[in-house]
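# Quick one: sequence and predicted model below, then my questions.
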Amino acid sequence: VDPAITATVSSTDENCGDNNGEIQITNPVGGSGVYSYSIDGGATTSSVSTYSGLSAGTYDVEVTTPGNGCVYSEQVTIQDSPGETISVGNDETICAGQTATLTASGNGTIEWFEGGNSLGTGNSITVSPTAVGANTYDVILTDANGCTDAGQVIVTVNPQDNAAFNYPSNTLCTGSSNVTPTISGTQNGTFSVNNTDLVIDPTSGEIDVNGSVAGTYIVTYSTTGLCPSSQTATITITTSPDASFSYNDTEFCSNDGVISPSFAPGASAGSFSSTTGLVFANSSTGEINLNASDAGTYTVTNTIAASGSCPAVSETFVITVFESPIVTATADETEVCAGDEVTLTATTSAGSVTWDNGVTNGTPFTPATTTTYTVTANDNGCEETQQITITVNEIPTITVTADETEVCTGEEVTLTATASAGTISWDNGVNNGTPFTPTATTTYTVTANDNGCEATEQITITVNELPNVSIDNGDLLACVYHNPIELTGIPAGGTFS
């Protein structure tokens with residue numbers, strides 16, 4: 001008759017609904033000593049005593065030995081710890097240049113992403129999308145058990161109306177014919193003026209020159225679309241035109257954007273022109289788009305055409321445009337662990353480069369915290385910058401404990417490790433916090449990993465063999481009142497009972 005079978009059955013609950021529950025069957029004794037395991041009441045059996053990838057539910061565990069009908073059975077229920085859910089706010093619609101505030105709520109840490117790049121954490125975030133159309137923002141909730149839930153918010157950016165318009169000339173002479181502007185942007189807006197001495201049609205923008213009083217006026221064209229905008233033009237009605245003008249400097253960089261002329265008292269804009277290579281943002285106002293212009297020296301001319309009783313007049317101004325350098329910044333690593341080195345390298349089309357935060361170009365250094373570094377290229381006083389962010393992840397700290405560090409053969413040990421961040425894994429098949437039976441003295445290593453940054457700790461469990469006890473004297477026969485008999489045993493040092 002074989003002894004009855006017993007076994008230890010433990011389980012790990014499913015977490016986050018990810019089918020990651022587990023049943024472990026350990027320490028089987030009894031029967032013939034050869035065991036088969038089942039978690040479905042014996043419908044299927046296996047020689048493997050650990051079942052993983054289980055969903056929540058009730059399982060009928062059986063341990064059997066062949067041929068003798070010995071069975072150990074136990075019912076195990078695996079619970080599920082479902083994750084928290086995230087609730088996201090409404091999609092947003094804005095006009096180009098505006099910001100949108102996105103919101104989400106849930107129990108845990110909420111992190112926002114755009115195109116896979118983290119924008120920060122919190123229940124709300126303000127974004128400034130520049131691309132016209134739909135812009136997608138992802139948001140992920142991570143709860144206290146590490147379960148995640150995700151959502152999305154769409155920000156639709158509508159283009160701003162283009163209120164561009166211009167008159168044939170911004171300087172008009174008394175006695176000349178009416179003038180009508182050309183609207184190159186959004187149609188069907190309205191015109192207004194800052195002084196009623198200028199007679200203007202609010203629909204077409206036509207100016208009644210003879211009906212107006214000589215002077216300088218600001219004409220505004222306003223659109224009425226979904227994203228309205230407005231633009232102004234300075235109109236001068238005079239009997240003696242003056243075309244003199246200047247810019248605030250004679251030398252500019254090609255990345256200085258748009259520059260506008262200033263006029264002497266009584267002077268006004270007509271029509272601006274230049275030698276080839278200089279691009280005007282508005283030839284009626286003299287605004288120059290330096291970003292679109294070629295490097296070189298240019299003569300800019302302001303011409304007020306003859307009209308009515310006024311003769312044609314013109315004035316010139318010479319400017320030089322220097323090419324701004326193009327800078328490219330790279331890093332050998334953009335995400336490192338604390339204590340790791342990083343090398344930032346920048347190249348420029350011309351001039352020299354300098355980094356902030358004490359970084360030397362192309363030289364390894366050790367960043368202390370997550371930092372955005374800026375590199376500046378300078379050529380002839382023209383500067384261009386680029387930025388690159390280096391993320392520094394802290395190395396986790398580990399605390400390791402064992403319920404026993406020295407045991408006898410066949411006894412169980414539980415190793416438990418906690419980390420400041422990340423996940424924990426043991427070598428030698430040990431499960432954190434789960435009892436197991438070491439077979440020999442072993443040093444176990446536990447590793448904590450957080451964003452690829454690892455730390456390890458070790459602990460040694462000493463396994464002492466059970467002694468093989470014998471008495472050297474063998475069987476003894478003695479009579480009453482026999483002299484004292486000295487017993488000796490192996491190994492020495494034990495006690496007799």
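Done, it's in.

# and the helix or strand containing T372, what does it pack onto?
Of the helices and strands defined by DSSP states H and E, T372 is found in strand 371-379. Judged by 3 or more CB pairs under 8 Å, 6 or more residues apart in numbering; DSSP states H and E, strand 371-379 is in contact with strand 327-331, strand 344-348, strand 352-355, strand 382-393. Just so you know, the C-beta spots here come from the backbone N, C-alpha and C atoms, and that holds for glycine as well.

# where are the low-confidence patches of this structure?
Along the chain, segments meeting pLDDT under 70 span 1, 68, 308-309, 469-476, 478, 490.

# Counting neighbours, what do you get for V318?
By other CB atoms under 10 Å, the residues close to V318 number 11.

# residues contacting it?
250, 297-300 (CB atoms under 8 Å, 6 or more residues apart in numbering).

# now, the most widely separated pair of those?
Greatest spacing in these, by CB to CB: T250 and T299 (11.6 Å).

# For beta bridges, what are the partners of the residue nearest the centre of the chain?
Centroid-nearest residue in the chain, with CA atoms, centre = their mean: S118, separated by 1.3 Å. Beta-bridge partners of S118, counted by DSSP bridges, are F113.

# thinking again about what came up before, can I get the contacts of V318 in a markdown table including distance to E341?
As requested, the contacts of V318 are arranged in a markdown table below (distance: CB to CB, whole Å):
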| residue | distance to E341 |
| --- | --- |
| T250 | 46 |
| T297 | 47 |
| Y298 | 48 |
| T299 | 53 |
| V300 | 52 |
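
# What about these, which are in strands?
The strands, defined by DSSP state E, take in 297-300 from these.

# now these as TSV including neighbour count and distance to S349?
Shown next, in TSV, are the ones in strands among the contacts of V318 (neighbours: other CB atoms under 10 Å; distance: CB to CB, whole Å):
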residue	neighbour count	distance to S349
T297	13	20
Y298	18	22
T299	12	27
V300	21	27
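
# and of these, the nearest to G277?
Among those, and counting by CB to CB, the member closest to G277 is Y298, at 6.7 Å.

# who touches the residue nearest to the closest one when sequence neighbours are not counted in this structure?
If the residues on either side of it in the chain are set aside, Y298 comes closest to L278, at 4.4 Å by CB to CB, 6 or more residues apart in numbering. Contacts for L278 (CB under 8 Å, 6+ apart) come out as 288, 293-294, 296, 298, 300, 319, 321.

# hmm, 10 Å instead?
Shown in contact with L278 (CB atoms under 10 Å, 6 or more residues apart in numbering): 272, 288-290, 292-294, 296-300, 319, 321.

# Likewise for G358?
The contact partners of G358, by CB under 10 Å, 6+ apart, come to 365, 373.

# circling back: quickly note the distance from the residue nearest to Y298 to T297.
Separation of L278 from T297 (CB to CB, to the nearest Å): 10 Å.

# ditto for G120
On the measure of CB to CB, G120 and T297 end up 47 Å apart.

# can you check G151 too?
G151 is 56 Å from T297, by CB to CB.

# same check, this time on T345
T345 is 35 Å from T297, by CB to CB.

# same thing with T196?
According to CB to CB, T196 stands 44 Å off from T297.

# if we can go back for a sec, looking at the contacts of L278, which has the most residues close by?
I288 (28 neighbours).

# Contact partners for that residue?
247, 252, 256-261, 272, 274, 278-282, 298, 300, 319, 321.

# helix or strand for it, which one?
Assessed by DSSP H and E, I288 sits inside strand 287-289.

# ok, that strand: who's next to it in the sheet?
strand 258-259 (antiparallel), strand 280-282 (antiparallel).

# roughly how far is the first one from the heart of the chain?
By that I understand strand 258-259. Relative to its parent chain, strand 258-259 has a centroid offset of 35 Å by CA atoms, centre = their mean, to the nearest Å.

# Repeat that for the last one.
Between the centre of strand 280-282 and the centre of its chain there are 39 Å (CA atoms, centre = their mean).

# can I assume N291 sits in a strand?
No: going by DSSP: H, G, I helix; E, B strand; the rest coil, the assignment for N291 is helix, not a strand.

# Can you give me the neighbour number for it?
N291: 14 neighbours (other CB under 10 Å).

# Now for it: which residues touch it?
Counting by CB under 10 Å, 6+ apart, N291 touches 253-258, 279, 281, 324.

# I'd like those residues as JSON lines, with secondary structure, neighbour count and distance to T418 appended.
Shown next, in JSON lines, are those (DSSP: H, G, I helix; E, B strand; the rest coil; neighbours: other CB atoms under 10 Å; distance: CB to CB, whole Å):
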{"residue": "C253", "secondary structure": "strand", "neighbour count": "20", "distance to T418": "57"}
{"residue": "S254", "secondary structure": "coil", "neighbour count": "18", "distance to T418": "58"}
{"residue": "N255", "secondary structure": "coil", "neighbour count": "16", "distance to T418": "53"}
{"residue": "D256", "secondary structure": "coil", "neighbour count": "18", "distance to T418": "57"}
{"residue": "G257", "secondary structure": "coil", "neighbour count": "12", "distance to T418": "56"}
{"residue": "V258", "secondary structure": "strand", "neighbour count": "13", "distance to T418": "59"}
{"residue": "V279", "secondary structure": "coil", "neighbour count": "13", "distance to T418": "64"}
{"residue": "A281", "secondary structure": "strand", "neighbour count": "17", "distance to T418": "63"}
{"residue": "S324", "secondary structure": "coil", "neighbour count": "25", "distance to T418": "54"}
